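> Have a look; sequence and predicted model below, questions after that.
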Amino acid sequence: MQKHSFTIAMIASMAVLTALAQFGFINQYIQSVIMLMGVNIILSASLNLVNGYMGEFSCGHGGFMCVGAYASSVMTVLLFSKNQILGAPLLPESMALFAFPLALAVGAAVASVAGLIVAVPSFKTRGDYLAIITLAANYMVISAIDNLEIIGGPRGFMGMNATVNAMNSVVNIPWMLIWVILGTIFSVWILRRFVSSTLGKGVPAICQDEIAAEIMSVDTNRMKLIAFMLSSGLAGLAGGLFAHILGYVNPHSFDIMKSTEVMVMVYLGGMGSLSGATLSAVLFTLLLEVLRPLEIWKWVVIPLLLILLMQFRPEGLMGNKELSDLFPKLRKYYSFK
Amino acid sequence: MSLLEVKGLTRRFGGLIAVNDFNIELGEHELVALIGPNGAGKTTVFNLVSGFYQPSEGSISFKGKDTKGLRPHQVTGLGVARTFQGIRLWGEMNVLDNIRVAQHYTLGYSLLDCFLRTKNYLLREKAIDTIAWELLEAMDMKDCAYELPRNLSYGLQRRVEIARAMSLKPSLLLLDEPAAGLNSADVEGLIKLVRWIYDTFPVTIWMIEHQMKVVMSLCSRIKVVDFGTTIADGTPHEIQTNPTVIKAYLGDDTI
Amino acid sequence: MEIFQHILNALQFGSFYALIALGYTLVYGVLRLINFAHGDIFMVGAYIAYFVAVALLGMDTGMSPGLALAITVPVTMVLTALVGVTLERTMYRPLRRKGADRLYVVITALMAGLILENGNLALLGASRKRFPDLLEKSIWTFGSVSVTNLKVIVIVAAIAVFLLLQFIVTRTKIGMAMRGISYDKFAIPLMGIPLDTIIVFTFILGSGMAGLAGILFAMSYPILEPYMGALIGWKAFIAAVVGGIGDIRGAIVGGFLLGFIEIGVVAVFPSTLRDLFAFSILLVILWLKPTGLFGVAKTTKI
C-alpha cells in the first residue's frame, strides 16, 4: 500500500481535477492557475537541480524555457495548423493526441541541447563567472528569436490553439490540464529518481567539494553535463506546456524577469529540496494570484517578502530537507521513488 | 612488474620548481613513507600521482599504464585512492552517502537505468550499499553511518575519509598527513587502523607524514625530499642516521 | 571618415558601460558580492538628476542651465550614493553580520533591484520623463567627423573616474584596506581597520559613479523610464566580468570593448542583431578566458 499510495493519490487527484474541469465545477480561471502552478513546479524543480543540488548560480532558466516553448510550438503549428510561412497542416487532427507529447519531447530535447551553451563552459569555470554565462545565454536566446522573422520575431508566435482544438476534436476533455499534470508528475518523478540514486548524488558532491568529487572517481564533467541538460530539458518541457496553455508566445515573456521568478521559487523553497521546490512553486503561483489586485505594487511586495525571508530564514522554507525528513511519520503513508 | 613507477617527475609552477626529477618505484603490498620539511613538494607529488596536476616532465606509470593526460577520476578508476591533508569530505551528505558516492568508478548502470529503475540498477545499488555497510562494519563505524561528517570529531572524520578511499578498493592508497591535527590517543588509533588495512587488504600504502612516531612504527621504507629533490631513500634506521636528512630538518650545525 | 564617427560613438557607449561596470567591480572586488541592484541604482541616479534639474530650473531664480548642471552633478552623486549606502545598511549588512552565505546577499541584491524598478514604476507611473537640456549643445567638426561637446564630456568623465578610482585603490590607505578586505574579511578588523566604514566607502564610490553615469546618460538620451537601468546594467555587469571582475582596469576595458563590439556590429549588420552578437562575442571570450581579461585564476590547493 505504502509503495503505491503516492501513485494512486496522483492518479486519483488528476482524475478528480479533470472531472471537475470537464463538468464545469472549476472555471477556466482556476484551471489556468492550476496549469500555471504545474509549469512553475517543473521550472523550480528543474532549476533546483542546478542551483540547489549542484550549487551553481544559473540565472538564465527562462532562456531554456523559451527554446522549448518555441521548438514544440513550431512543431505543432507545422503539423496541425495553417500558417502563412509554415504551410498547411501536415497531419490530420486525429493524430494530435499522439503528436502532442512528441512535440513536447522535441521541445525538451532541443532545450536540453541548448543547455550545452552553459554546460560546456561549466567544465572550466564556476561560480560568478558561470552565472554570467547563463545570463548571457538567456539574452542570446531571446535576441536570436527576436531576429528569426520566420517565427514572428519580436511580435511572437501563435497558432498552437489549433493543436489543442485538434485534441479536443478527438475527445472533448480538458487536455491541457491533463498534459500539464502529467508533465509535472513526470518531471518531479524523473528528478527524484535521479537525485536519490548514487549516480545523482554525484551532483551534490560537486557542490560540496568538487575536487574531492573528481578525485573520488566522480566524472565531474559528465555529471555537470547531465545536470545542466536535464535541467534545461525539463525547462523546455515547461516552456512547451506554457506555450500551449496560452496559445501564444513572445520571446520577451522568457527574459531575465522570468528567470528571476524561477530563482525566487527555488530559493523560497530551499535549495536541494524537491518538496521545497514544489511547495514554493505552488505558494508562489498562489501569491501572484492573490496579489494581483495590487497591480505593479505586487512586484514591490514580493521582492520585499523574499528579502525578509533571506534575513530571517535564509535556508528557504524547507532548507535542504525533504517533506519526509521533516515529518518522518509520513513515510508510513507514501514512498516516492 | 612494479605497481607504480615514477621517472624523472618534474613539476614547475611558473618559475618555481615544486618537484624536481623525482623517482620512485613501489611494488605490490608495501608500506612506504614520504617525508620532508614543509614546502618540500610532497603533496605536489601526490597531486601528480593522483592526476590532479599534470607533470611538466617525466612519467608516471601505474600498473604499467602511463597516466599522462588522464583526468583524476580516471586515475582513481585505475586503482589509486587518496585522502587529503585538510579533510575533504562532503559535509552535507551522511557518512554512508560519502562512501556510496565514491563508487562512481564502478557504477555499472546508465542514466536510463537510473530513470527506469531497471533490474541492473537495483542490483548495482544493492551491491554498492553492501560494500559501504561491510566497510563501515569492518572499520567499526556503523554507528555513525547516518551522521553528517561535520558533526563528527576530527579523528572520526579522518577515519571516514580513509574508509571512503578504501571503498574504492584501491591497489595504491595515498595518505596525505593522516595524523595531522590528531591527539595522541587518536594517533594510536590511526597507527592501528593503517596497520590493519595493510594486513587485511592487498594494498600498497604510501603516506606523507610528519609525526616520526607514525612513520617509524609503520613504514618499511622512507623517502625524504627537500626543495622538490630526493635527498635520501632507505629503511627507517638508515634515514635516522643520514646526515643530509638531519641537515635538512635541523639546519647546518656550523653557525 | 565614417570609421572615426563610429569610434567616437563606441567610446561614448563604452563610457557608460565602463562607469556602471566600475561600480559593479568595486563592490565585487571588496565584498565578492554581485550587486545586482547596481543597474537600478544607475536608473535611480538618472531620475534623481531629473528631479534635481527640474526643481532647480523650475524655481523662479532664472538660474542658467549651466549653473543648474553644476549643482545637479554633485547633488545627484551624493543622493545616489545615499541610495547605495541605504541598500548596504538595511539589506546587505544585516546578512553579513549573520554570516549568511554569499548567495543570500546576491538574491537580496537582485530583489532590491526589482523593488527599485517597480517601486519607481508604481510611484511615478509608466509615463516617460523628458530630461531638460542643461548643456548648450555645440558641435565641433573636423573634416567630416563631428563631435558634440557632450560626447567629449562623457568620454573624459569615464577616463577621469577610472584614473581617480585606480589611484584610490592602488595608492591610498583606504584603497589598501579595500584590497585587504577582498583577501580576508576576517583578518581586517583584527588589524584595526574599521570594516564597515570601508565597505560603506566602497558603496559611496560605486553608487556615486552610477549617479554620474545616470546624469550623463540622461543628458545624452533624455528619455527616462524605470526599466532603463536593467538592460544597460546587466550589460555593464557582463562587461565587468569579461574584463575580469574585481579589477578596475578590467571594468574600463570591458566597458569600452562592449561599446566597440556593439557599434561595430551595428555598423555592419542590422541593429536588431546587436545584442545577439555582443553577447555571443562576450561568451566566447569567457569560454576562452574563464576569469576574464584581467582576472587571475585562483588556484586551489589541496
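Good, I have the coordinates.

> use CA for all of it now, contacts and neighbours both
Fine.

> what about the strands in the stretch 201-302 of chain C?
C:223-224 (DSSP state E, counting those that start in this stretch).

> Now do the same contact list for C:Tyr50.
Listed by C-alpha atoms under 8 Å, 6 or more residues apart in numbering or on different chains, the contact partners of C:Tyr50 are C:131-132, C:215, C:218.

> Then B:Gly91?
B:Gly91 neighbours (C-alpha under 8 Å, 6+ apart): A:208, B:148-150.

> try 6 Å
For B:Gly91, the contact set (C-alpha atoms under 6 Å, 6 or more residues apart in numbering or on different chains) comprises B:149-150.

> Distance-wise, check it relative to B:Leu168.
19 Å (C-alpha to C-alpha, to the nearest Å).

> now C:Pro189
According to C-alpha to C-alpha, C:Pro189 and B:Leu168 sit 45 Å apart.

> Please identify which of these two sits among more neighbours.
B:Leu168 (26 against 13; other C-alpha atoms under 10 Å in any protein chain shown).

> got the residues of the stretch 51-200 of chain B near chain A?
Contact residues (C-alpha under 6 Å from any C-alpha of the partner chain) of the stretch 51-200 of chain B with chain A: B:72-73, B:76, B:90, B:101-102, B:104-105, B:115.

> Could you list the low-pLDDT ranges of the chain?
Assuming you mean chain A. A:1-3, A:332-337 (pLDDT under 70).

> Sorry, I should have been clearer: chain C.
Ranges of chain C meeting pLDDT under 70: C:1, C:297-302.

> number of nearby residues for the residue in the stretch 151-255 of chain B positioned nearest to chain C?
Residue nearest to chain C within the stretch 151-255 of chain B (C-alpha to the nearest C-alpha): B:Asp176, separated by 9.8 Å. Using other C-alpha under 10 Å, B:Asp176 has 24 neighbouring residues.

> same question, B:Gly14
7.

> same thing with C:Met43?
Based on other C-alpha under 10 Å, the number of other residues close to C:Met43 is 32.

> Check the gap between the nearest residue to it once chain neighbours are set aside and chain B for me.
Leaving aside its chain neighbours, C:Met43 sits nearest to C:Gly229 (4.7 Å; criterion: C-alpha to C-alpha, 6 or more residues apart in numbering or on different chains). Distance from C:Gly229 to chain B, counting by C-alpha to the nearest C-alpha, to the nearest Å: 39 Å.

> now do C:Ser146
As judged by C-alpha to the nearest C-alpha, C:Ser146 and chain B stand 49 Å apart.

> in whichever helix in chain C runs longest, what's buried?
If you go by DSSP state H, chain C has its longest helix at helix C:2-31. Residues C:6, C:8-31 are the ones in helix C:2-31 that count as buried (16 or more other C-alpha atoms under 10 Å in any protein chain shown).

> Give the next helix or strand downstream of it.
Once helix C:2-31 ends, the next helix or strand along the chain (criterion: DSSP states H and E) is helix C:38-58.

> Name the residues of that following helix that are buried.
C:38-54, C:56-57.

> Also stretch A:19-32?
In terms of neighbour count (16+ other C-alpha under 10 Å), stretch A:19-32 has its buried residues at A:21, A:31.

> Need the CA coordinates for that stretch. PDB is fine.
C-alpha atoms of stretch A:19-32 as PDB (Å, rounded to 0.1, in the frame of the first residue of the first chain):
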ATOM      1  CA  ALA A  19     -13.600  15.500 -14.000                       C
ATOM      2  CA  LEU A  20     -14.200  18.800 -12.100                       C
ATOM      3  CA  ALA A  21     -13.000  20.800 -15.000                       C
ATOM      4  CA  GLN A  22     -14.900  18.700 -17.500                       C
ATOM      5  CA  PHE A  23     -18.200  19.100 -15.800                       C
ATOM      6  CA  GLY A  24     -17.700  22.800 -15.100                       C
ATOM      7  CA  PHE A  25     -17.200  22.700 -11.400                       C
ATOM      8  CA  ILE A  26     -13.900  24.700 -11.700                       C
ATOM      9  CA  ASN A  27     -13.900  27.500 -14.100                       C
ATOM     10  CA  GLN A  28     -11.400  28.500 -16.700                       C
ATOM     11  CA  TYR A  29      -9.600  30.800 -14.400                       C
ATOM     12  CA  ILE A  30      -8.900  28.200 -11.700                       C
ATOM     13  CA  GLN A  31      -7.900  25.700 -14.400                       C
ATOM     14  CA  SER A  32      -5.400  28.200 -15.700                       C
END
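
> Which residues does that stretch contact?
With C-alpha under 6 Å, 6+ apart, stretch A:19-32 has contacts from A:Ile173.

> what do you get for stretch A:193-209?
Against stretch A:193-209 from outside (C-alpha under 6 Å, 6+ apart): A:53-55, A:213, A:337, B:90, B:101, B:115.

> Just give me how far it sits from the chain centre.
Distance, stretch centre to chain centre, for stretch A:193-209: 20 Å (C-alpha atoms, centre = their mean, to the nearest Å).

> go on, stretch A:212-219?
29 Å.

> Whether it contacts chain B - can you check?
Yes. Interface with chain B: stretch A:212-219 contributes A:214-219 (C-alpha under 6 Å from any C-alpha).
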